[in-house]
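> No letters, just coordinates:
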C-alpha cells in the first residue's frame with residue numbers, strides 16, 4: 001500500500017489498484033496476447049482471462065521513497081519483436097500508473113513467459 005500525504009489528509013492506494021491498471025495497460029499494447037501465470041503444480045504457463053489479469057502482475061512497494069516497481073508476466077503473439085514490445089509495455093505501464101495515481105514508478109520489468117500463435 002502506498003500512502004500519500006496531502007493537506008486534506010492521507011490517501012492510501014492498495015496494491016490491487018496498481019495490478020489492475022498495470023494489467024490493463026500491458027494487455028492494450030500491440031502484440032500482447034494476455035497476462036501469464038506459471039502453475040506451481042505442473043510448471044506450465046497459463047494464459048489468464050481478462051478478469052484475472054492482475055495475477056500476472058507483481059507490485060513491489062518502496063515505502064522509503066513512496067515509489068513502486070512492477071513485474072509483468074505476459075504472453076505475446078508469434079512473429080512480434082519482443083524487445084520492442086517490452087519497451088512499449090514498460091512505457092505504457094509507467095505512464096498509466098503515474099497519470100492515474102501520481103505515484104512514481106521506479107522500474108517496470110517485463111517477463112515474456114510464452115509465445116502463442118494468434
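Thanks, I have the structure now. Worth saying up front: this structure is predicted, and the values here are computed from it rather than measured. Numbering: from 1, shown residues only.
> Please enumerate the helices of this protein.
15-27, 82-101 (DSSP state H).
> Only the buried residues of the longest one, if you could.
When you say that, I think you mean helix 82-101. Neighbour counts over helix 82-101 (16 or more other CB atoms under 10 Å) mark 85, 86, 88, 89, 90, 92, 93, 94, 96, 97, 101 as buried. Just so you know, the C-beta spots here come from the backbone N, C-alpha and C atoms, and that holds for glycine as well.
> just curious, which of the residues you listed is nearest to residue 115?
residue 85 (10.8 Å; CB to CB).
> Next, the contact list for residue 32, please.
With contact taken as CB atoms under 8 Å, 6 or more residues apart in numbering, residue 32 is in contact with 26, 74, 75, 76, 77, 85, 89.
> okay, now the second one: neighbour count?
Okay, so that is residue 74. 28 (other CB atoms under 10 Å).
> separation between it and residue 11?
Distance of residue 74 to residue 11, given as CB to CB, to the nearest Å: 30 Å.
> and what of the third one?
To residue 11, residue 75 is 34 Å away according to CB to CB.
> With neighbour numbers in mind, choose between these two.
Each of residue 75 and residue 11 has its neighbours counted (other CB under 10 Å); residue 75 has more, 21 against 12.
> I'd like the contacts of residue 32 laid out as JSON lines, including distance to residue 115 and pLDDT.
Shown next, in JSON lines, are the contacts of residue 32 (distance: CB to CB, whole Å; pLDDT from 0 to 100):
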{"residue": "26", "distance to residue 115": "16", "pLDDT": "93"}
{"residue": "74", "distance to residue 115": "10", "pLDDT": "93"}
{"residue": "75", "distance to residue 115": "7", "pLDDT": "93"}
{"residue": "76", "distance to residue 115": "6", "pLDDT": "94"}
{"residue": "77", "distance to residue 115": "7", "pLDDT": "94"}
{"residue": "85", "distance to residue 115": "11", "pLDDT": "95"}
{"residue": "89", "distance to residue 115": "15", "pLDDT": "96"}
